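Student: after the sequence you'll find the predicted model.
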Amino acid sequence: MNIYSAAIGYSTTDPTNGEVIARLIKPTDDTVITNNNGSDTYVFTENGEFTFEFEANGKTAKVVARVDWIDREAPTGRIEFYCAGTDKKQSCAADKGKTNRTIEAKLVITNESHDVTVLNNSMFDEAQEVAALDMEQQVHDPFVFTFLRNGIFKFVVQDRAGNIGEIEAVVDWMDMAAPKAMIEYNTHEETDGPVVARLVKVSANGDNEGGMGADDNTSEYFTPIEKELYDEDGLQYNEDFIVTNNGGSSEYTFTENGEFVFQYRDEAGNTAMALARVDWIKKAEEKPDTPGNPDIPDVPDTPELPDNPSIPDVPNIPDTPDTPNVPEDPDGSDNSVVPDKPNGDDDTSDDNTNTGGNTGGSAGINGGQTSGAGTSGGSSEGKLPNTGAGVSPWWFVVSGIVIVGLIGGGMMANNRRR
């Protein structure tokens, strides 16, 4: 018989964390196993090989039993953290800082080549466990657990060999609550000065009990981590904040009564507001300002004096026209004889008239007579009869003005002829 027809049978060929029994299938009934104390079985407690030696038909032969599916190591793995709703790896990891988003923890098995089963995430009594964990049902992927708050979730996994392991996902950087803050004032007394309002965080004391206490919502697989305390409104005690208005300052100065709203957030982005109100500033009544002296109006400029009118030129005195010659009497006499008056009066009267547009002047004194002639607008002159009083009378006409004078007697008479 051909010795290569000998074979090995195994108690199991599936992964196992137990023993594997290898049995030599003898090629003939008279096959004699020459090692292993003549036993045709070999028990593998670890992965490995065993060589059966035997004789058949007078010939020596060997056959090897080999086992590599014994597995006594529980599954191990790593946790990757994602911000819920994204597929970006490690987008919500601890090194990214605090976050106010829910976190998905994904289990990645690292030491198994065969299938691994999660025993406690969507494989348990969901109604009971989800209610206890206050979580949504996670039936979509047993290797993903969604954290709604800080805590530790324990994945229970089993490999095909039956090894059961526990892998923990720990999240303690979630911050779903805004900081609890309060307003302090530099004074509450009535004042006429400024009041400074300061925003400060509130520290917990022994009387504070958080709305999300450390013992709330625990279960066999999930344990909350509560490093902080919260008030009844879910605001977190002892948490630092960042003021997002007021130029980033946590102080506001009131110079008059009023209100101011501080807006602030924490590192994770949770926001809140705090109202500062002041109504105890009492300003002293202000006295009206004493009016100042009015400004002295500007002195108006001295007006310029008008130019003095120029003195008109003195009109030229017209040239005195030549005195016309007195016409001679027909008898060659220079003087006209004035006839006596009918009553015999010796008085002489001036009765000479120039009808040619020129006026002649005549006068009679003490029976004497003389005659003269002139022109309108010109001048003329003549002699009056001697008065016999030691004076010599004269007359002349200039521009229609008759001037009569007595030379020697200190007497003059002026007549204006119109």
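Tutor: That came in fine, so what should we check first? Numbering: from 1, shown residues only.

Student: what residues are up against residue 163?
Tutor: For residue 163, the contact set (CB atoms under 8 Å, 6 or more residues apart in numbering) comprises 17, 71, 72, 73, 74, 75. From N, CA and C alone the C-beta is placed, and that goes for glycine too.

Student: surely residue 25 meets residue 8?
Tutor: Yes. With contact defined as CB atoms under 8 Å, residue 25 and residue 8 form a contacting pair (6.9 Å).

Student: residue 264 contacts residue 271, correct?
Tutor: Yes. Between residue 264 and residue 271 a contact is recorded at 7.1 Å, counting by CB under 8 Å.

Student: between these two, what contacts are shared?
Tutor: residue 244.

Student: more neighbours: the two, which one.
Tutor: The residue with more neighbours, out of residue 264 and residue 271, is residue 264; 23 against 14, by other CB atoms under 10 Å.

Student: on the three-state scheme, the more buried one is what?
Tutor: Applying DSSP: H, G, I helix; E, B strand; the rest coil to residue 264 yields a three-state assignment of strand.

Student: worst-scoring helix or strand of the protein, pLDDT-wise?
Tutor: Lowest mean confidence among the helices and strands of the chain (mean pLDDT, DSSP states H and E): strand 362-365, at a mean of 38.

Student: coming back round to it: who has more neighbours out of residue 25 and residue 8?
Tutor: residue 8 (17 against 13).

Student: next, the contact list for the closest residue to that one other than its chain neighbours, please.
Tutor: Nearest non-adjacent residue to residue 8, counting by CB to CB, 6 or more residues apart in numbering: residue 65, 4.5 Å away. Neighbouring residues of residue 65 by CB under 8 Å, 6+ apart: 8, 10, 22, 24, 42, 44, 49, 50, 51, 52.

Student: do the same with residue 185
Tutor: 195, 196, 197, 198, 276, 278.

Student: was I right about the first one contacting residue 253?
Tutor: Spelled out, it's residue 195. Yes. At 7.3 Å, residue 195 and residue 253 qualify as touching, with contact defined as CB under 8 Å.

Student: does residue 159 touch residue 119 like I think?
Tutor: No. Using CB under 8 Å as the test, residue 159 is too far from residue 119 to be in contact (11.1 Å).

Student: out of those two, which sits in the more crowded spot?
Tutor: The neighbour comparison of residue 159 against residue 119 (other CB under 10 Å) goes to residue 159, with 22 against 17.

Student: do you know the pLDDT at the more buried one?
Tutor: With respect to pLDDT, residue 159 has a value of 93.

Student: can you tell me how far it is from residue 48?
Tutor: According to CB to CB, to the nearest Å, residue 159 stands 20 Å off from residue 48.

Student: circling back: in strands only, show me the contacts of residue 65.
Tutor: Among those, the ones falling in strands (DSSP state E) are 8, 10, 22, 24, 42, 44, 49, 50, 51, 52.

Student: which of those residues are buried?
Tutor: 8, 22, 24, 42, 44, 50, 52 (16 or more other CB atoms under 10 Å).

Student: so which of the residues you listed is the closest to residue 298?
Tutor: residue 44 (123.2 Å; CB to CB).

Student: show me what contacts the closest one?
Tutor: Residue 44 neighbours (CB under 8 Å, 6+ apart): 19, 20, 21, 22, 50, 65, 67, 70.

Student: same check, this time on residue 157
Tutor: 74-75, 77, 107, 109, 116-119, 164-167.

Student: drop anything exposed from the residues you listed.
Tutor: 74, 75, 77, 107, 109, 116, 118, 119, 165, 167.

Student: still on that earlier bit, how about the contacts of residue 163 in TSV, adding distance to residue 141, secondary structure and pLDDT?
Tutor: Putting these into TSV (distance: CB to CB, whole Å; DSSP: H, G, I helix; E, B strand; the rest coil; pLDDT from 0 to 100) gives the following:
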residue	distance to residue 141	secondary structure	pLDDT
17	26	coil	93
71	24	coil	92
72	28	coil	92
73	24	coil	92
74	21	coil	93
75	16	coil	93
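
Student: which parts of this structure belong to which domain?
Tutor: 3-67, 77-171, 181-202+238-278, 323-418 (automatic domain parsing).

Student: weakest of the ones you listed in terms of mean pLDDT?
Tutor: Note on these: lowest mean pLDDT is at domain 323-418, with a mean of 50.

Student: residue 277 and residue 254 touch, don't they?
Tutor: No. Judged on CB under 8 Å, residue 277 makes no contact with residue 254 at a distance of 9.1 Å.

Student: those two: who's more crowded?
Tutor: Shown here are residue 277 and residue 254; by other CB under 10 Å, residue 254 has more neighbours (20 against 13).

Student: mind listing what the more buried one touches?
Tutor: Residue 254 touches 194, 195, 196, 197, 260, 276, 278, 281, counting by CB under 8 Å, 6+ apart.

Student: okay, these in a markdown table with distance to residue 83, neighbour count and secondary structure next?
Tutor: Output for these, formatted as a markdown table (distance: CB to CB, whole Å; neighbours: other CB atoms under 10 Å; DSSP: H, G, I helix; E, B strand; the rest coil):
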| residue | distance to residue 83 | neighbour count | secondary structure |
| --- | --- | --- | --- |
| 194 | 45 | 13 | coil |
| 195 | 43 | 21 | strand |
| 196 | 40 | 14 | strand |
| 197 | 37 | 21 | strand |
| 260 | 35 | 17 | strand |
| 276 | 35 | 20 | strand |
| 278 | 42 | 23 | strand |
| 281 | 48 | 17 | strand |
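
Student: out of the residues you listed, flag the one nearest to residue 221.
Tutor: Closest to residue 221, out of all of the contacts of residue 254 and judged by CB to CB, is residue 276, at 46.1 Å.

Student: tell me the bridge partners for the residue nearest to the closest one when sequence neighbours are not counted.
Tutor: Closest residue to residue 276 apart from its sequence neighbours, by CB to CB, 6+ apart: residue 197 at 3.8 Å. Note on residue 197: beta-bridge partners by DSSP bridges are residue 185, residue 252.

Student: so what's the residue count around residue 31?
Tutor: Residue 31: 20 neighbours (other CB under 10 Å).
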